[in-house]
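Participant: everything below, folded, please.
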Amino acid sequence: MKRMFNTAGPCLPGYHYRVPPSRRLPAVPRLVKDMEYVVLYAPQQSGKTTTLIALARELTATGEYAALYFSCETAVVTRDDGAAQECILSLILMRAVSHLPQELRPPWPKVAKGIRLGDGLAAWARACPRPLVLFFDEIDALRGQSLLAVLHQLRVGFRRRPASFPASVVLCGLQDVREYKAAAGGDPTRLSSASPFNVKVASLRLGDFSSDEVRELYGQHTAETGQEFTPAAVDRAIALTAGQPWLANALAKEIVEKMAVPVSEPITVDHVEQAKERLILARATHLDSLSARLAEPRVRRVIEPLITGETPVVDVAYDDDVSYVRDLGLLKPVRPASVANPIYREVIVRVLGAGTEEAIRADPRSFVRPDGRLDFRRILGEFAGFWRAHGEVLVQDGFYHEAAPQLVFMAYLHRVVNGGGYIDREYGVGHGRVDLVVRWPYLDSVGKRVWQLEAVELKVWRPRQSDPTPAGLSQLDEYLHRLGLDQGTLVVFDRRPDALLPADRTTFVEDRAPSGRHVTVLRA
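Facilitator: Modelled structure (predicted):
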């Protein structure tokens, strides 16, 4: 059977291309051997379920353990901790009947009402001829007292392992154990500083694919079909996804199945770029679920400074929020805080600027010159007119208020550029700016496809600050040098309370960067 790239549910051997799951968590077999309790966490669509199912199967196949994977997600509908425990025991029983031989299954043929999780697991451990290894997936689907009750019983039973309790337990969810909290009498959605699962020996984060693993994944398709991903296409996919497993699979699936590039043709960088745009515009399920998080106050507090380039107010709560957003997968797992990959960067600003983009009536075709090049100066002029008419209202409406000018400008570019060209952006905490480059393809005089590049830097003049134009010219100069360009655009949004209205202050001036490069400055 022909295998496929998978973007929904766990990968099935023989049906899906996949990176060998056990390779992704090489530490687990040793931790199981040492009878440790472990927390495993990773963002959505990272391959957690695929990896845990494979590990359970492999550990049982060694003949040394009775290892079982199951998901706690169904238990979230229960109303109290007792019902949640019964539900988990029922899930264990159903899964064991399907995946373990008779002699390794729980001794309870059905779950009696009122049986506690700890009692049920203790009875199973005593009856099972092998040490028990349990993988609790979606553990953080439980909330409040239900979650505390499960963690408490695992903690109490820990010291009776392996003869009278599971020898090793892996709790898997979206976040590390610090988010499993509900202090007695406190808010069950937030944790106190004390860990309710202090018997865990390690917190493991399931990482993204390495560059070599993305190449291996795509190479499986080439080996089975003969269709090559060109080296440049693979490199571009790695750059766009940063190895995020769902994105790596989704790009390839979009190209192979939705765009249906013939097997006889190699897959190129252009195919990868088209697939990226299609995924973003379609708001695929995974991207949509991430987008929904942007409205959360904890997420906005972290993401907004990334868009504006400003330095956030850093305190203990901010550090906790950064960890939370990092666990969601929106940030890279390393410091300093930055968005996880270019596709997520694009999704964030498009979602936040979607309302503005809907209000833009400009026809993208009107900005293309007869020679196929983009009339970028006209785009800037049309944006200036749009800003004069609507800027004051637009910056008041968005819930990412501090980033409103940048989001409006980027939404305008999306409307008039995307569909024919591409926009790459760079932003990060403390940079004090947003850098953009528009890439527009056209045919030169001999019919060769070439790229027009237009670089833009966005700055904001905030209250109690000096004019950011001189710093902007220097920063843009560095950006132009990096891109190999001799001219660019600096946009300065004036957000001082005593500034003139956009209709009166929006003007163009011509200036020079420190190196002498020509810069068009739009004061808005």
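Participant: and stretch 34-46, how far apart are its ends?
Facilitator: By C-alpha to C-alpha, to the nearest Å, the extent of stretch 34-46 from end to end equals 26 Å.
Participant: what is the mean pLDDT for that stretch?
Facilitator: For stretch 34-46, the mean per-residue pLDDT is 93.
Participant: give me the buried positions along it.
Facilitator: Neighbour counts over stretch 34-46 (16 or more other C-beta atoms under 10 Å) mark 35-43, 45-46 as buried. Every residue, glycine included, has its C-beta placed from N, CA and C.
Participant: so which residues of the stretch 51-200 of the chain form helices?
Facilitator: Per DSSP state H, counting those that start in this stretch, the stretch 51-200 of the chain carries helices over the ranges 81-99, 117-127, 144-158.
Participant: quick check, Leu374 in contact with Gly419.
Facilitator: No. Counting by C-beta atoms under 8 Å, Leu374 stays clear of Gly419, with 11.9 Å between them.
Participant: what does the helix or strand hosting Ala233 contact?
Facilitator: Assigned by DSSP states H and E, Ala233 belongs to helix 231-241. With contact meaning C-beta atoms under 8 Å, 6 or more residues apart in numbering, helix 231-241 is reached by 211, 214-215, 218, 229, 247-248, 251-252, 266-269, 271-273, 276, 341-343.
Participant: helix, strand or coil for Gly488?
Facilitator: Secondary structure, DSSP: H, G, I helix; E, B strand; the rest coil: Gly488 is strand.
Participant: so what's it bridging to?
Facilitator: According to DSSP bridges, the partner residues bridging Gly488 are Val519.
Participant: ok, it - how many residues close by?
Facilitator: By other C-beta atoms under 10 Å, the residues close to Gly488 number 24.
Participant: confidence score at it?
Facilitator: pLDDT, read off for Gly488, is 98.
Participant: same question for the longest helix along the chain, mean pLDDT?
Facilitator: In the chain, assigned by DSSP state H, the helix with the most residues is helix 376-397. Mean per-residue pLDDT for helix 376-397: 92.
Participant: helices or strands next to it in the packing?
Facilitator: helix 354-359, helix 404-417, helix 502-505, strand 507-512, strand 518-523 (3 or more C-beta pairs under 8 Å, 6 or more residues apart in numbering; DSSP states H and E).
Participant: how about 6 Å then?
Facilitator: Where contact means 3 or more C-beta pairs under 6 Å, 6 or more residues apart in numbering; DSSP states H and E, helix 376-397 is packed against helix 404-417, helix 502-505.
Participant: of all the helices of the stretch 51-200 of the chain, which one comes closest to Val256?
Facilitator: Nearest of the helices of the stretch 51-200 of the chain to Val256, taken as C-beta to C-beta: helix 81-99 at 31.5 Å.
Participant: how about the strands in the stretch 1-150 of the chain?
Facilitator: Counting by DSSP state E, counting those that start in this stretch, one finds strands in the stretch 1-150 of the chain at the ranges 37-41, 66-71, 132-137.
Participant: coming back round to it: Leu374 and Gly419 - which one has more neighbours?
Facilitator: When Leu374 and Gly419 are compared for neighbours, Leu374 comes out ahead with 22 against 11, by other C-beta under 10 Å.
Participant: list the residues that contact the more buried one.
Facilitator: 440, 452 (C-beta atoms under 6 Å, 6 or more residues apart in numbering).
Participant: what about 8 Å?
Facilitator: Residues near Leu374 by C-beta under 8 Å, 6+ apart: 367-368, 417, 420-421, 438, 440, 442, 452, 454.
Participant: with respect to Gly516, which of those is nearest?
Facilitator: Closest approach between the contacts of Leu374 and Gly516, by C-beta to C-beta: Glu454, at 19.0 Å.
Participant: what's the local residue count around that closest one?
Facilitator: Around Glu454 there are 23 residues (other C-beta under 10 Å).
Participant: residues contacting it?
Facilitator: 374, 376, 437-438, 440, 488-489.
Participant: what's the helix or strand for it?
Facilitator: With DSSP H and E as the criterion, the answer for Glu454 is strand 449-461.
Participant: only alpha carbons, please: show that strand as PDB.
Facilitator: Coordinates of each C-alpha in strand 449-461 appear next as PDB, following Å, rounded to 0.1, in the frame of the first residue of the first chain:
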ATOM      1  CA  ARG A 449      12.500  34.400 -13.700                       C
ATOM      2  CA  VAL A 450      14.000  36.800 -11.200                       C
ATOM      3  CA  TRP A 451      13.000  38.400  -7.900                       C
ATOM      4  CA  GLN A 452      12.200  42.000  -7.000                       C
ATOM      5  CA  LEU A 453      13.000  42.700  -3.400                       C
ATOM      6  CA  GLU A 454      11.600  45.600  -1.400                       C
ATOM      7  CA  ALA A 455      12.700  46.100   2.200                       C
ATOM      8  CA  VAL A 456      10.700  47.900   4.800                       C
ATOM      9  CA  GLU A 457      11.400  48.700   8.500                       C
ATOM     10  CA  LEU A 458       8.600  49.700  10.800                       C
ATOM     11  CA  LYS A 459       9.200  51.900  13.900                       C
ATOM     12  CA  VAL A 460       6.900  53.500  16.400                       C
ATOM     13  CA  TRP A 461       7.400  56.900  18.100                       C
END
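Participant: now do that strand against helix 376-397, angle only.
Facilitator: 40 degrees (axes from the mean of the first three to the mean of the last three C-alpha atoms, to 10 degrees).
Participant: now strand 449-461: mean pLDDT?
Facilitator: 96.
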